[in-house]
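S.K.: what follows is a predicted structure for the sequence shown.
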Protein chains: 2
Amino acid sequence: MPGQNTKRHAGVPRDSGCLSCYLKALCIPANLSSCEKQLFSQVVTTCVGLDKRAVLVSQGARFDSLYAVRTGFLKQETALDGAEQLLTALWFPGDIIGSDAIGLGRYPGTVSALESSTLCKLPFDSFLALAHELPQLYQYLHYNLSLAMHEERMSLHQLLCRTAEARLACFLLSISDCFRRRGYSSRHFRLPLSRQDIGNYLGLTQETVGRTLAAYQAQRLLRIEGREYQLLDLSRLEQMASSTGRRQKRR
Amino acid sequence: MPGQNTKRHAGVPRDSGCLSCYLKALCIPANLSSCEKQLFSQVVTTCVGLDKRAVLVSQGARFDSLYAVRTGFLKQETALDGAEQLLTALWFPGDIIGSDAIGLGRYPGTVSALESSTLCKLPFDSFLALAHELPQLYQYLHYNLSLAMHEERMSLHQLLCRTAEARLACFLLSISDCFRRRGYSSRHFRLPLSRQDIGNYLGLTQETVGRTLAAYQAQRLLRIEGREYQLLDLSRLEQMASSTGRRQKRR
DNA sequence: CGACTAGTTGAGGACCATCAACAGAGGTGG
DNA sequence: CCACCTCTGTTGATGGTCCTCAACTAGTCG
């Protein structure tokens, strides 16, 4: 349904071979032989390009494909019946979009690009058909779904009983870790999210997010210029992130 | 590792045939033919009995089996480095325990029985071997992992920006729905959790949980006697549960 | 009986949502 | 060029929510 998208790239479908993709160590084919990667490549039908702010899938649309992120940065927003808008997921290069839609049969939120991005589309039917030949693909699916569920559960349960200060520290550190695992700097990165987006992700208001970040800067824990973040004191951030309970005990 | 358990049933291994189990419509074999259920039955090696408070698996133990709940009620507690203790999952009859351990290779929390319970043990190796024959089992796994991830994500993201009042209403309604789906009363049930447990699940303190429940009773929304809960006004509870944002706007 | 656990109640104050006003950046049109 | 709008982010005042600490009751177990 390309018509639904507000903006799109001219669609430069890059050579979509997984063999030559520099993300192959992060993405699905990681533990396939090169012969199997060749097979897998055939499932990757198109390489989708998205401009900044362009919509990949709309909330409620029927699920048919997973997408692997090649370049860029995407978010998922889920609207509830009220005026409420939750930011329910963020994706980096190497991540798979859509694994929360398999069970539901519909995409549970609107996915859009935070920067211009390129993605590999994996039609789920073809994926399952291939998985019948290559059980490693099934395994990949279990392991990753299970791991994602566990990590999501742990981090959200932790956030539930944390102050705004600790929630933001958790958030920045997990973003930092995402960049680190992908070979970028863990201390200096661009995070193209508004204060409002961050607030929607963490269950805080934009004012609180702004004030807390300002307090961090005053304490020389980090430096922010626009949407560029520079983490200056990772160990103290970690300390704040894991500070137990909602409040500091009085002494 | 039965030796790790503090208490156990004498181990009455009931006839473990899935064909005769009255939960078969809820549990994994739901969409298998009766011939395939027969095959599946052979994977279900033992029927484990647990006394109240007995431990099924300890946090950090190596993952080897899923467990299906036949009767009873279980919880998972995860200890973090601090003194923090989170209640990260609850399971009812028909639920599968351990799907958050597949990716990690270890059980992420200590699972114990809130009432005396019986479970079917499904060694994961055998499960995968059988799934190679019966791809429906793989499908079952994907669909349910994906659905569980999505529901967990949505409910926890909602809780993040809700007041104690709304969090508790969400919690009670979701428990009520669990009972309804299993054919029990959705308005009158026994919930063998302490205030502390509920607080650990929702990110609140036991005092706040107690006070909020007392306020509900004063408003005739529900009645509590010990750990018996009777929901008197479901529609107003639903209204509180979905009340948007953290505070009521002033008028 | 004392020891322990689960639950209740009250006082005080930390935390953060809310509302409002404002500043700067970027885009548009005349 | 300027006037105007929108979007994003900042700052301040105010008060509701709920955490913390403490004291107390009731029930259970030895």
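M.R.: Perfect, thanks for sending it.

S.K.: okay, and A:Leu168 sits in which element?
M.R.: Following DSSP states H and E, one finds A:Leu168 within helix A:164-181.

S.K.: swap that for A:Leu90, please
M.R.: Element membership for A:Leu90 (DSSP H and E) is strand A:85-91.

S.K.: next, see if that strand gets close to DNA strand D.
M.R.: No - using C-beta under 7 Å from any atom of the strand, strand A:85-91 never reaches DNA strand D; the gap is at least 11.9 Å. Heads up, the C-betas are built off the backbone N, CA and C, glycines and all.

S.K.: and that strand, how far from the chain's centre?
M.R.: 8 Å (C-alpha atoms, centre = their mean, to the nearest Å).

S.K.: tilt between that strand and helix A:164-181?
M.R.: Compare the direction of strand A:85-91 with that of helix A:164-181 by axes from the mean of the first three to the mean of the last three C-alpha atoms, to 10 degrees and you get 30 degrees.

S.K.: list the contacts of strand A:85-91.
M.R.: Strand A:85-91 is contacted by residues A:69, A:73-80, A:97, A:100, A:108-109, A:111, A:175, A:197-198, A:200-201, B:153-154, B:157-158, B:161 when judged by C-beta atoms under 8 Å, 6 or more residues apart in numbering or on different chains.

S.K.: A:Ser117 contacts A:Leu74, doesn't it?
M.R.: Yes - between A:Ser117 and A:Leu74 there is a contact under C-beta atoms under 8 Å: 6.0 Å.

S.K.: need the residues touching each of these two.
M.R.: Common neighbours of A:Ser117 and A:Leu74, counting by C-beta under 8 Å, 6+ apart, are A:Leu50.

S.K.: wait, does the longest helix anywhere in chain A contact DNA strand C?
M.R.: Counting residues, the longest helix found in chain A (DSSP state H) is helix A:135-160. No - applying C-beta under 7 Å from any atom of the strand, one finds helix A:135-160 separated from DNA strand C by no less than 10.6 Å.

S.K.: hmm, back to that, buried residues, the strand holding A:Leu90. List them.
M.R.: For strand A:85-91, a neighbour-count test (16 or more other C-beta atoms under 10 Å in any protein chain shown) marks A:86-91 as buried.

S.K.: show the subsequent helix or strand relative to it.
M.R.: Once the chain leaves strand A:85-91, the next helix or strand it forms, by DSSP H and E, is strand A:96-97.

S.K.: now do the helix or strand just after that following strand: distance to the chain's middle.
M.R.: Per DSSP H and E, the first helix or strand lying C-terminal to strand A:96-97 is strand A:110-113. Put simply, strand A:110-113 sits 11 Å off its chain's centre (C-alpha atoms, centre = their mean).

S.K.: packing partners for strand A:110-113?
M.R.: In this structure, strand A:110-113 makes packing contacts with strand A:55-57, strand A:74-79, judged by 3 or more C-beta pairs under 8 Å, 6 or more residues apart in numbering or on different chains; DSSP states H and E.

S.K.: pull out the buried positions in the last one.
M.R.: Of the residues in strand A:74-79, those with enough neighbours to count as buried (16+ other C-beta under 10 Å) are A:74-78.

S.K.: coming back round to it: tabulate the helices and strands packed on strand A:110-113 in a markdown table, adding columns for mean pLDDT and distance to DNA strand D.
M.R.: Shown next, in a markdown table, are these (pLDDT from 0 to 100; distance: least, C-beta to the nearest atom of the strand, whole Å):
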| stretch | mean pLDDT | distance to DNA strand D |
| --- | --- | --- |
| strand A:55-57 | 94 | 15 |
| strand A:74-79 | 95 | 12 |
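
S.K.: can I get these in JSON lines including distance to B:Val209?
M.R.: JSON lines is the format used below for these (distance: least, C-beta to C-beta, whole Å):
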{"stretch": "strand A:55-57", "distance to B:Val209": "39"}
{"stretch": "strand A:74-79", "distance to B:Val209": "27"}
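
S.K.: briefly note if the helix holding A:Leu168 comes near DNA strand C.
M.R.: Yes - contact of helix A:164-181 with DNA strand C (C-beta under 7 Å from any atom of the strand) involves A:164-165.

S.K.: contacts for that helix next, please.
M.R.: Contacts with helix A:164-181, where a contact means C-beta under 8 Å, 6+ apart, come from A:26, A:90, A:92, A:155, A:158-159, A:162, A:185-187, A:189, A:191, A:198, A:201-204, A:208-209, A:212-213, A:215-216, A:222, A:229, A:231, A:234, A:237-238, A:240-243.

S.K.: any idea which of the buried residues of strand A:85-91 is closest to A:Tyr140?
M.R.: Nearest to A:Tyr140 out of these is A:Trp91 (C-beta to C-beta; 16.9 Å).

S.K.: skipping adjacent residues, who's closest to the closest one in space?
M.R.: Excluding its sequence neighbours, the residue lying closest to A:Trp91 (C-beta to C-beta, 6 or more residues apart in numbering or on different chains) is A:Leu74, at 4.6 Å.

S.K.: residues of the stretch 51-200 of chain A that sit close to DNA strand D?
M.R.: Close to DNA strand D, as judged by C-beta under 7 Å from any atom of the strand, the stretch 51-200 of chain A has residues A:194-196.

S.K.: which stretch of helix or strand covers A:Tyr216?
M.R.: With DSSP H and E as criterion, A:Tyr216 is part of helix A:206-218.
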